[in-house]
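Engineer: Generate a structure from the sequence data that follows.
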Amino acid sequence: MKLGELAERLECKLEGPAELELTGVAGMDEATASEITFVSNPKYLAKLGTTRAGAIIAGTEVDVLGKPALRSPDPYYSFARALEIFYPPQRPAAGIHPTAVVAADAKLGERVSIGPYVVIEEGVELGDDCVLKSFVVIYRGAKIGNHFLAHSHSVVRENVRIGNNVTLQNGVVVGGDGFGFAPLKDGTYYKIVQAGTVVIEDNVEIQANSCVDRAAVGETRLRQGVKIDNLVQVAHACDVGDNTLLCSQVGVSGSAKIGRQVILTGQVGVAGHLTIGDHAIVTPQSGVPNDVPPHAIVSGSPAVDHELWLKASAIYRRLPDMFAAYRKVRSFLETTPAKPKP
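Structural biologist: Predicted structure coming up:
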């Protein structure tokens with residue numbers, strides 16, 4: 001593809017030869033003279049002097065050192081679109097593999113692709129242009145919208161409802177039983193039937209080996225645009241707001257309410273029955289035992305305001321020296337006779 005054509009398709013301003021031929025997209029370190037790369041993070045600006053890329057996707061004010069460039073108000077977004085142009089997703093052909101087991105009363109939309117050893121149980125409804133890769137299982141009564149993509153070994157449990165443009169990566173389980181057990185006097189536990197469901201709204205992606213549990217009653221809900229990373233646990237009866245990000249190894253306990261455009265970074269743990277306000281950010285490995293107000297940034301365990309946590313962390317590193325100084329002062333006071341009062 002020529003650089004000029006790519007500029008038109010990405011709606012970027014062209015700086016350089018329109019006839020420059022490009023064969024792909026690559027990172028700044030790996031790109032060759034026939035590939036385009038991008039820079040959006042200021043920490044990587046120094047790489048502009050060493051990259052061999054034939055062209056750069058960059059912001060309007062970035063000095064690209066005379067290299068051909070596509071100027072974009074959002075280079076990262078333009079980079080993502082360029083990847084789609086050069087490497088379009090491969091969709092399998094429509095049809096049902098002969099090894100798939102599909103219930104007689106299942107309702108399948110137009111142009112669905114059902115892979116090897118897929119199981120679709122009774123009462124399932126599946127929309128148009130859906131792709132189920134090998135060994136996917138859809139339990140009875142599940143209702144799924146259009147453009148659903150389920151990768152191998154993902155599972156949608158009974159009566160779950162899923163909207164349009166939802167992707168499940170490998171090993172995802174949606175609608176598994178919530179962790180509900182009633183303690184008995186003899187020390188054993190009685191399983192509580194998980195009679196609720198999970199509702200996933202449009203444009204949600206759940207990545208590999210993550211679980212979204214059903215509620216005992218009512219529902220667990222992921223609202224529009226939620227993105228869930230690998231190895232995440234969303235417990236029973238949680239409500240996760242629009243366009244929220246749950247990063248790898250996050251655990252959200254039962255009945256927690258997560259607001260809109262929240263970011264829970266890696267290994268964050270959230271206690272149950274609390275609320276995290278809209279646009280809040282929780283930094284890595286933090287434990288959240290209480291409500292978090294909107295727009296807050298919190299850190300630590302138990303999580304506190306991020307600025308306070310930074311100060312406390314700085315003091316924590318000095319504690320051994322501070323304690324040694326305290327012991328010297330205490331020893332001096334204990335061994336020095338008190339002066340008589342006049």
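
Engineer: Return the helix or strand in this protein with minimum mean pLDDT.
Structural biologist: None of the helices or strands of the chain scores lower by mean pLDDT, DSSP states H and E than helix 306-335, at a mean of 90.

Engineer: and that helix, what does it pack onto?
Structural biologist: Helix 306-335 sits against strand 297-299, with contacts defined as 3 or more C-beta pairs under 8 Å, 6 or more residues apart in numbering; DSSP states H and E. Yep, even glycine has a C-beta here, placed from its N, CA and C like the rest.

Engineer: Which strands border the strand it packs on, and is each parallel or antiparallel?
Structural biologist: The pairing partners recorded for strand 297-299 under DSSP bridges are strand 281-282 (parallel), strand 304-305 (antiparallel).

Engineer: Most tightly packed of those?
Structural biologist: Among the strands paired with strand 297-299, ranked by average contacts under mean count of other C-beta atoms under 10 Å, first place goes to strand 281-282 (a mean of 24).

Engineer: what's the following helix or strand after that strand?
Structural biologist: strand 287-288 (DSSP states H and E).

Engineer: Please state the mean pLDDT value computed over that following strand.
Structural biologist: Mean per-residue pLDDT for strand 287-288: 98.

Engineer: That one pairs with which strands, and in what direction?
Structural biologist: Neighbouring strands of strand 287-288 in its sheet, by DSSP bridges, are strand 269-270 (parallel).

Engineer: Distance from the partner strand to the middle of the chain?
Structural biologist: 15 Å (C-alpha atoms, centre = their mean, to the nearest Å).

Engineer: What of stretch 222-231?
Structural biologist: Worked out by C-alpha atoms, centre = their mean, stretch 222-231 lies 5 Å from the chain centre.

Engineer: what residues does it touch?
Structural biologist: 163, 169, 198-210, 212, 234, 239-250, 260, 266 (C-beta atoms under 8 Å, 6 or more residues apart in numbering).

Engineer: 7 Å instead, please
Structural biologist: With C-beta atoms under 7 Å, 6 or more residues apart in numbering as the test, stretch 222-231 has contacts from 200-210, 212, 240-249.

Engineer: ok, back up a step: can you say which of the strands paired with strand 297-299 is nearest to residue 13?
Structural biologist: With C-beta to C-beta as the measure, strand 281-282 is the member of the strands paired with strand 297-299 nearest residue 13 (32.7 Å).

Engineer: quick one: average confidence on that closest one?
Structural biologist: In the prediction, strand 281-282 has an average pLDDT of 98.

Engineer: same deal with stretch 48-63?
Structural biologist: Here the average pLDDT along stretch 48-63 is 95.

Engineer: What segments of the stretch 51-200 of the chain are helices?
Structural biologist: Taking DSSP state H, counting those that start in this stretch, the helices of the stretch 51-200 of the chain run over residues 75-86.

Engineer: returning to that earlier point: would you list the strands paired with strand 297-299 in a markdown table and tack on distance to residue 101?
Structural biologist: Below are the strands paired with strand 297-299 laid out as a markdown table (distance: least, C-beta to C-beta, whole Å):
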| stretch | distance to residue 101 |
| --- | --- |
| strand 281-282 | 43 |
| strand 304-305 | 53 |
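
Engineer: quick one on the thing from earlier: sort out which of the contacts of stretch 222-231 are buried, if you could.
Structural biologist: In the contacts of stretch 222-231, burial by neighbour count holds for 200-201, 203-208, 210, 212, 240-249, counting by 16 or more other C-beta atoms under 10 Å.
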